[in-house]
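> Model the structure of this input:
(2 chains)
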There are 2 protein chains.
Amino acid sequence: MEGIEIPTDVVARRIEALGRVGLLPEGGLYRGVYTPEWAEARAVVADWGRSAGLEVREDAVGNLWLRLPGSEPGPAIVTGSHIDTVRNGGKYDGALGIIAGLTAVEALRARFGRPKRTIEVLATCEEDGARFRSRLWGSRAILGIIGPDEPDAIVDAAGVSIGEAMRQMGYDPARIPEARRADIGAFIELHIEQGPVLQASDHQVGIVTVVTGLTMAVAEVTGRADHAGTTPMDARRDALVGAARMILAVRRAALAAGRPAVATVGRVEVWPGGSNVVPERVRFTVDIRHTAGAELRRLQDRVERACRRVAWNCGLDLDFKVVSSTPPTPLDPALRRLLVDLAGQLGLKFLEMPSGAGHDAAWLGRKFPAALIFVPSQEGRSHSPREYTPVDKIIPGITLLAAALHRLAY
Amino acid sequence: MEGIEIPTDVVARRIEALGRVGLLPEGGLYRGVYTPEWAEARAVVADWGRSAGLEVREDAVGNLWLRLPGSEPGPAIVTGSHIDTVRNGGKYDGALGIIAGLTAVEALRARFGRPKRTIEVLATCEEDGARFRSRLWGSRAILGIIGPDEPDAIVDAAGVSIGEAMRQMGYDPARIPEARRADIGAFIELHIEQGPVLQASDHQVGIVTVVTGLTMAVAEVTGRADHAGTTPMDARRDALVGAARMILAVRRAALAAGRPAVATVGRVEVWPGGSNVVPERVRFTVDIRHTAGAELRRLQDRVERACRRVAWNCGLDLDFKVVSSTPPTPLDPALRRLLVDLAGQLGLKFLEMPSGAGHDAAWLGRKFPAALIFVPSQEGRSHSPREYTPVDKIIPGITLLAAALHRLAY
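Next up, the predicted model:
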């Protein structure tokens, strides 16, 4: 592995090139799955793959595969990430994993020639769920776990189903099962951390141990609508005052549990929403995460109990519903050990750490050995035009990725 | 005045009849100004007026005037309220004042014949601002204080200007100044309390001393958007957590000031509003009311200072803007004394009380002697389909109104 060079200028140029696709006038990118911008980004990556002499193909849902065939048979070694972005997203989330994989594979071939095992660079078609709530559509297609009703059932904000969106792009939803793969020996994803830990602790790379479990709950608080001018303060049942107490209780519960517990209220709706009406009803989301399943359930219980206590004390009704629950997903222990060993050999300052966000690696890891490498995110910025990592802070991560691909495929 | 009888069945029938105009499928009424439902309600009232032998006319903005000419010249004695409703409003808010005025005038004429002074029943075209933020359009037209730019500048949610809405109903915005009147000797409005005080204290009528002053402020809290999964609790600048503290501080400030101080956060918007994003920005309204100007300013200062303290402590930015400020409006002292005297003579259990809500009487009271009579609201319900006052709890108020009109006009 000594002597492999990841060309900084190529990486920088590719980040900028892909970062121009889907630019919004108000700032940031949007490449929702099956939009023209998404297709354009895929074309850019496909061109890069062809120029690099890789075999380029897309599967039935639009995942893009750039293939460097190995000299021996056997399951492929795969690297990559997603090509879609959230609305007003940045240039690094997803895109960097594709660029890293492609650049690493080119460097390996330049230095070591044809691998024994086939290596593929994967651009999954959808991970971020910005257009459809399709939950890792690309990775789930590869796993073969997309339900037959999903193409019609999942719709975007304009009412277009994901099946219809596929057809508009020339894909046939009936063929989704063809995207399923069984011949993947390992999947290694490189991604920005999307959090502040690596930068703050001055580490060059993160080697992810586990992808956090996530419970999503929706709380609906009901009090009584009253005229804001004529109802004395002591005669109100103000749903918003109750919700405000709950929001603070959610935060306290997560703080008390300590890192890596997090709990977030991100969306709030208030009815009737008139400036001169005491709120009757407030609905808010609670996003609760922990890397340990038992701790996650405990935190979820604490959050719910705290909200119920507030509702009782304030004379409010509370409907608290868990709408989804994903258990923590440990990454593959053997691949993790490999990354730790290689990082040590490369002299990298690395941190073994959990991932607070979901990733393609977590889903593909349900069936295939998977690993996840983080590079720092400046100030933890993510899902924002201000998402940024200087290219020299990216190279160590790509070097580690290349070393791992080398070990697995050569 | 002895022997005057307000016919309960007529009042009940009229409440029901007007309460069917503008019924929404989901419950409650909507009679936004210059809508077909609004026009239909006006037609119902005009019919009643004609059947009662009153002279019916409308002015340039659509205020409806039902006139019983007096035998002597001089300014008219006017009673009434507004015919528009909020969305999902009830049958009593506004409508009851028109019905009360008409029924009182009919009863007076039946008993005493032609008055010396002209009496007019007024249905103002717009008070509740549900379609346009037009702020007592009808009363302001009578006062002659609608600005020449307002017809084009004030638009509804669909982008239709109030001037355009007028034209669609056959009114000419250029003629608004013609609605101005100078010849009003007194205005007495009957209205539901819209609060719980009269019912809870078992009073039959309220005689309003002052209409509360109102400061409307908008607070905008800015923190930092972060990924809900990857940003530790102790590394966040969560605008919603700050806003929740401020909402509780607003309530505490009003409670500490004591009755009749009230402060309400009724509208909250959160950006970006994703369930998995730490909120970057929260905007909320603060409605602050007091019947004494100095106390109102003090409470407003306390609310703002409390919010600034929270912002400072949480490392958040705060923009706190007062968007409108209406000072308390005392009702006419002589008319109040008259109502108190008459209520005593009639043996009514009455309460002198402030009004927490704005009313046509408060605006017309800027130029003409004005008085405001409250009847109880069941459980204080208002701006709701559940708005309700049993008709026998209404009759005392109408009797007092009739007595006052009698004293002023006969």
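
> neighbouring contacts of the lowest-mean-pLDDT helix or strand in chain A?
Within chain A, confidence by mean pLDDT, DSSP states H and E is lowest for strand A:226-227 among all helices and strands, at a mean of 88. Residues from elsewhere that reach strand A:226-227, judged by Cβ atoms under 8 Å, 6 or more residues apart in numbering or on different chains: A:235-237, A:276-278, B:194-195, B:356-357, B:380-383. Placement of C-beta: from N, CA and C, glycine included.

> one more time with 6 Å, if that's ok
By Cβ atoms under 6 Å, 6 or more residues apart in numbering or on different chains, the list of residues contacting strand A:226-227 from outside reads A:Arg236, A:Val278, B:Gln194, B:Ser382.

> go on, stretch A:243-260?
A:221, A:261-263, A:265, A:282, A:286, A:291, A:299, A:302-303, A:306-307, A:310, A:354, B:232-233, B:241, B:244, B:247-248.

> what's the average pLDDT for that stretch?
The pLDDT scores in stretch A:243-260 average 97.

> Just the buried positions in that stretch, please.
Using 16 or more other Cβ atoms under 10 Å in any protein chain shown as the test for burial, stretch A:243-260 gives A:243-251, A:253-254, A:257, A:260.

> out of those, which are inside helices?
A:Ala243, A:Ala244, A:Arg245, A:Met246, A:Ile247, A:Leu248, A:Ala249, A:Val250, A:Arg251, A:Ala253, A:Ala254, A:Ala257 (DSSP state H).

> ok now stretch A:177-190, how far from the chain's centre?
17 Å (Cα atoms, centre = their mean, to the nearest Å).

> Stretch A:328-347 too?
The answer for stretch A:328-347 is 20 Å, by Cα atoms, centre = their mean.

> Give the rounded mean pLDDT of it.
Across stretch A:328-347, the per-residue pLDDT values average to 97.

> Which residues outside that stretch are in contact with it?
By Cβ under 6 Å, 6+ apart, stretch A:328-347 touches A:207-208, A:210-213, A:291, A:293, A:350, A:362, A:365, A:369-372, A:400, A:403-404.

> From the recorded domain assignment, give the ranges for chain A.
For chain A, the structural domains run A:8-211+A:328-409, A:218-326, going by automatic domain parsing.

> so can I have CSV of the ones you listed showing distance to B:Ala76?
Listed next are the domains of chain A as CSV, based on distance: least, Cβ to Cβ, whole Å:
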stretch, distance to B:Ala76
domain A:8-211+A:328-409, 56
domain A:218-326, 29
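
> Quick one: closest of those to B:Gly129.
In terms of Cβ to Cβ, the element of the domains of chain A nearest to B:Gly129 is domain A:218-326, at 9.4 Å.

> Could you tell me the end-to-end distance of the closest one?
15 Å (Cα to Cα, to the nearest Å).

> Just the ones of the contacts of stretch A:243-260 in helices?
Judged by DSSP H, helices contain the following of the contacts of stretch A:243-260: A:Leu299, A:Arg302, A:Val303, A:Ala306, A:Cys307, A:Val310, B:Val241, B:Ala244, B:Ile247, B:Leu248.

> Could you work out the most separated pair of those?
Taking Cβ to Cβ as the measure, these span a maximum distance of 24.3 Å, between A:Leu299 and B:Ile247.

> Burial check on A:Ile154, number of neighbours?
Per other Cβ atoms under 10 Å in any protein chain shown, the neighbour tally for A:Ile154 reads 21.

> which one is the residue in the stretch 301-410 of chain A positioned nearest to chain B nearest to, not counting chain neighbours?
Per Cβ to the nearest Cβ, the residue of the stretch 301-410 of chain A with the smallest distance to chain B is A:Gly356, at 3.4 Å. Spatial nearest neighbour of A:Gly356, chain neighbours left out: B:Gly229 (3.4 Å); criterion: Cβ to Cβ, 6 or more residues apart in numbering or on different chains.

> Give the burial count for that neighbour, as a bare number.
24.

> The one 5 residues further on now?
Around B:Asp234 sit 9 other residues, with neighbours defined as other Cβ under 10 Å.

> next one: A:Glu164
16.

> which residues touch the closest residue to A:Ala254 other than its chain neighbours?
Nearest non-adjacent residue to A:Ala254, counting by Cβ to Cβ, 6+ apart: A:Ala263, 3.7 Å away. Contacts for A:Ala263 (Cβ under 6 Å, 6+ apart) come out as A:Val250, A:Ala254, A:Ile288, A:Val303.

> where does chain A dip in pLDDT?
A:1-3 (pLDDT under 70).

> so where do the helices sit in it?
Counting by DSSP H, the segments of chain A that form helices are A:8-18, A:36-51, A:95-112, A:137-143, A:150-153, A:162-168, A:197-201, A:239-257, A:293-314, A:333-345, A:360-364, A:395-409.

> nearest spatial neighbour of the most far-flung residue of chain A relative to its centre, skipping sequence neighbours?
Largest separation from the mean C-alpha position in chain A: A:Thr230, at 48.6 Å (Cα atoms, centre = their mean). Excluding its sequence neighbours, the residue lying closest to A:Thr230 (Cβ to Cβ, 6+ apart) is B:Gly195, at 3.1 Å.

> Any figure for the gap between the one you found and A:Pro232?
Remark: distance between B:Gly195 and A:Pro232 (Cβ to Cβ, to the nearest Å) = 8 Å.

> With neighbour numbers in mind, choose between those two.
When neighbours are counted by other Cβ under 10 Å, B:Gly195 and A:Pro232 differ, and B:Gly195 comes out ahead with 28 against 20.

> Which neighbouring residues are in contact with the more buried one, exactly?
B:Gly195 touches A:Thr230, A:Thr231, B:Gly380, counting by Cβ under 6 Å, 6+ apart.

> likewise A:Ile154?
Per Cβ under 6 Å, 6+ apart, neighbours of A:Ile154: A:Phe132, A:Ser134, A:Ile162.

> what's the spacing between the second one and A:His383?
For A:Ser134, the distance to A:His383 equals 17 Å [Cβ to Cβ].

> got it, and the last one?
Using Cβ to Cβ, we find A:Ile162 at a distance of 21 Å from A:His383.

> didn't A:Ala52 look like it was pressed against A:Glu106?
Yes: A:Ala52 is in contact with A:Glu106 according to Cβ atoms under 6 Å; the separation is 5.2 Å.
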